[in-house]
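> attaching a predicted model along with its sequence, questions to come.
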Amino acid sequence: MRVMKRIIFSLSFILLFLLFPSQAQADEGWVINNFQSDIAVQNSGVVRVVEVLDVDFNRLIKHGIYRDIPYVYESNGEKTYTEINVLSVQQNNSRAKYQTSLKDGYVEIKIGDPDRSVTGKNVYIITYTAKGVLRSYTDHDELYWNVTGNNWPVPIENAAATVTLDKEGMQKVACYEGYVGSQGSCQAKILSPQLAQFSTTSPLDEAKGMTIVAGYTKGLVPILTVQRPKTLWEKFIALPSLLLLLVVSVFGAGYMLNRWNTFGRDYWFGQNIFGAKDETGNKKPIGGHESTTVEFTSPEKLRPAEVGVLMDERADTTDVVATIIDLASRGYLTITELPKKWLFGKVDYQLAKKQKDTAGLLGYEALLLNKLFKSKDELTVSSLKQTFYNDLAAVKKELYKEVVAKKLFSDDPEKVRTNNVALGIALLVIGGVIFGFSASAEFVYGIDIGVGLVVSGLICLLMAQFMPRRTAYGRELYRRIKGYRLFINTAEKYRQQFFEKKNMFNEVLPYAIVFGITDKFARQMHEMGIEPSQTGWYNGVTPIYSGQFGSNLNSFSSSFSSAAASTPSSSGGFSSGGSSGGGFGGGGGGSW
């Protein structure tokens, strides 16, 4: 029986909602005391509307109201478009803060300040123009206008309107009130040939509205039509928009190309049409052909790491590995292979410092030895994991200082790259912000500028890798280094030079590492019968010969690079110590 009562109650509620929708809805708690609309049909055919809404929020705390005005109408499957332009909005006789947006065929005017609350009685005045709302018939023209709209969730206690013509010609009027489709009459009268007045006969409940008709002399004002508004995409692909996008993008690309030509292109000895001069007073050319001739020693006795930076404009971990091999071959440390502890284990390496005066070492070489050994004389490569990465960065920084001090580069290559990456990120952020705001406001030219800046930012990030600049002296050594690489890469052609100099294998080896041709160089040495000098700086698990030595050193290089560059993992709140309420921040929140 109790279940049956519940079913009957539910059915009754549903029936009540269907028959009396306004009563079934929840009370919003506020009301429109008066809705006054003054409509002027102007000689241009544009209709000017001034709406005055007396609103009482009672004790509710609100930010304001919003007004939805249709700009697209559909009848018999065909759409008609109008154009709504908001001229001003006032609240209590002061300029009000508002935003307009297009939503589902409506122009929404959102009035109020999100940082300010209002309550009680407030008067809102909305002034706007409507284009394309007049219609022509056989014996008259007319304005058929829904004054209040039927989508208010609160009652309107009183509604009234006036229609004014700039010229005499008012012929007939009508007024309707109620739900959509209702033909209930309201008051309508012609006060003069230029003025008509309308008003409701009773309060309008939620979803009820007032609609008026004002007929006037045919041809009195032009009948304007409005084309379907272009979508944001259609505006974006229009020729003016694409031209602006192209201009901004080309300007950004041109700026970066000029920036590279001015600040990033290597200085060369010689002249060209640009007329810019390098640090020696010579003009720098736009380009040219550099001949490569074989060099049998490192130009100007540049160390392997310096050669590596000059080649690719970067201080890589490989350059540091080559420095370790170079220091070992020069007697500053030894490298010893440690056998695998189990079948699938990895070979480890022990580095041992030798007691040798370091006064003749370059700054980054001495720093590397100090950072490796610190207060001890021996260490394993595996012990560098998650501990050496900061030291590695410091060594690379010192290496950059060295190549700048030797005038191989105009400035620190890493600093130059970082600055240009920062510029690229700044352009991306600025472009993204402009794009976001412009897209929300459907300002297509702003979108073009935003996209153009993003494209420029991406170009800047790409070009950042090419912005470090060699000096004219550095460029000349770069050319000669390519000749030295040619010598090492084709060592079998120059076997005489290797036979003449006993320790040449050990001297060349670090440079082969930098050039990435260790295996090839070692094989060539083996084929020529030249074995590494057994000086004791490298101790393998098995006897060393040149054919195998390249593989051994590649293994050492891989192990050192992996260990030296590894950083501590960050588990944070995912670790076993994580808990609810842990970490930074806290507090809570809710709905607005």
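All right, it came through fine.
> how far does stretch 198-208 sit from the chain's center?
Relative to its chain's centre, stretch 198-208 lies at 51 Å (Cα atoms, centre = their mean, to the nearest Å).
> need the residues that contact that stretch.
With contact meaning Cβ atoms under 8 Å, 6 or more residues apart in numbering, stretch 198-208 is reached by 21-22, 25, 28, 147-148, 150-163, 173, 175, 177-180, 182, 185-188, 210, 212. Any C-beta I mention is one placed from the backbone N, CA and C, and that applies to glycine too.
> quick check: longest helix of the chain.
Identified as the longest helix of the chain according to DSSP state H is helix 413-441.
> any quick PyMOL command for the buried ones out of the contacts of stretch 198-208?
Only the buried entries of those go into this PyMOL selection, using 16 or more other Cβ atoms under 10 Å:
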select buried, resi 147+148+150+152+154+155+156+157+158+159+160+161+162+163+173+175+177+178+186+188+210+212
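> one step back: helices or strands next to the longest helix of the chain in the packing?
Here helix 413-441 touches helix 389-405, helix 444-464, going by 3 or more Cβ pairs under 8 Å, 6 or more residues apart in numbering; DSSP states H and E.
> can you give me the buried ones in that helix?
Judged by neighbour count (16+ other Cβ under 10 Å), helix 413-441 contains these buried residues: 413-414, 416-417, 420-421, 423-424, 427-428, 430-431, 434-435, 438-439.
> any idea of the mean pLDDT for it?
Per-region confidence: helix 413-441 scores 92 on mean pLDDT.
> what's the domain layout of this protein?
Per automatic domain parsing, the domain ranges recorded for the chain read 24-216, 241-262+417-464.
> let me have those in a markdown table, adding distance to Lys397 as columns.
Putting the domains of the chain into a markdown table (distance: least, Cβ to Cβ, whole Å) gives the following:
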| stretch | distance to Lys397 |
| --- | --- |
| domain 24-216 | 48 |
| domain 241-262+417-464 | 12 |
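> wait, which of these is closest to Thr293?
Judged by Cβ to Cβ, the one of the domains of the chain that comes nearest to Thr293 is domain 241-262+417-464, at 28.0 Å.
> low-confidence bits of the stretch 351-500 of the chain, can you list those?
499-500 (pLDDT under 70).
> nope, the stretch 51-200 of the chain is what I meant
For the stretch 51-200 of the chain, no range has pLDDT under 70.
> quick one: the helices in the stretch 101-250 of the chain?
232-236, 239-259 (DSSP state H, counting those that start in this stretch).
> Val55 is nearest to which of those helices?
Closest among the helices of the stretch 101-250 of the chain, using Cβ to Cβ: helix 232-236, at 33.2 Å.
> that closest one packs against which elements?
Helix 232-236 sits against helix 444-464, with contacts defined as 3+ Cβ pairs under 8 Å, 6+ apart.
> got a markdown table for the helices of the stretch 101-250 of the chain, with distance to Glu142 and mean neighbour count too?
Formatted as a markdown table, the helices of the stretch 101-250 of the chain follow (distance: least, Cβ to Cβ, whole Å; neighbours: other Cβ atoms under 10 Å):
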| stretch | distance to Glu142 | mean neighbour count |
| --- | --- | --- |
| helix 232-236 | 32 | 14 |
| helix 239-259 | 37 | 15 |
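> let's have those helices in a markdown table, adding mean pLDDT and distance to Tyr98.
A markdown table is the format used below for the helices of the stretch 101-250 of the chain (pLDDT from 0 to 100; distance: least, Cβ to Cβ, whole Å):
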| stretch | mean pLDDT | distance to Tyr98 |
| --- | --- | --- |
| helix 232-236 | 75 | 22 |
| helix 239-259 | 87 | 27 |
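> among those helices, which comes closest to Ile488?
Short answer: helix 239-259, nearest of the helices of the stretch 101-250 of the chain by Cβ to Cβ, at 35.1 Å.
> by contact count, what packs against the closest one?
Counting contacts by 3+ Cβ pairs under 8 Å, 6+ apart, helix 239-259 is packed against helix 444-464.
> quick check: buried residues in the next helix or strand after the helix it packs on?
Note on helix 444-464: by DSSP states H and E, the next helix or strand toward the C-terminus is helix 472-489. For helix 472-489, burial by neighbour count (16+ other Cβ under 10 Å) applies to 472-482, 484-488.
> still on that earlier bit, among the domains of the chain, which is nearest Thr334?
Here domain 241-262+417-464 is closest among those (Cβ to Cβ), at 35.9 Å.
> can I get the helices and strands packed on helix 413-441 in a markdown table including mean neighbour count?
Listed next are the helices and strands packed on helix 413-441 as a markdown table, based on neighbours: other Cβ atoms under 10 Å:
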| stretch | mean neighbour count |
| --- | --- |
| helix 389-405 | 18 |
| helix 444-464 | 21 |
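> could I get the ones you listed as CSV with distance to Ser382?
Output for the helices and strands packed on helix 413-441, formatted as CSV (distance: least, Cβ to Cβ, whole Å):
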stretch, distance to Ser382
helix 389-405, 14
helix 444-464, 35
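> closest to Ser558 out of the ones you listed?
Across the helices and strands packed on helix 413-441, closest to Ser558 is helix 389-405 (Cβ to Cβ), at 15.2 Å.
> any residues touching stretch 220-235, and which ones?
Residues contacting stretch 220-235 (Cβ under 8 Å, 6+ apart): 41-46, 71, 79, 81-83, 131-132, 134-136, 141, 165-167, 169, 238, 241, 439, 442, 444, 447.
> measure that stretch end to end?
35 Å (Cα to Cα, to the nearest Å).
> pull out the buried residues from that stretch.
Along stretch 220-235, these residues count as buried under the neighbour rule (16+ other Cβ under 10 Å): Leu220, Val221, Leu224, Val226, Lys235.
> so how far is Val55 from the third one?
Meaning Leu224. 32 Å (Cβ to Cβ, to the nearest Å).
> contact partners of stretch 62-78?
Under Cβ under 8 Å, 6+ apart, the answer for stretch 62-78 is 30, 51, 53, 55, 79-84, 91, 96, 102-103, 105-114, 116-119, 122, 124, 126, 128, 130, 149, 151, 229.
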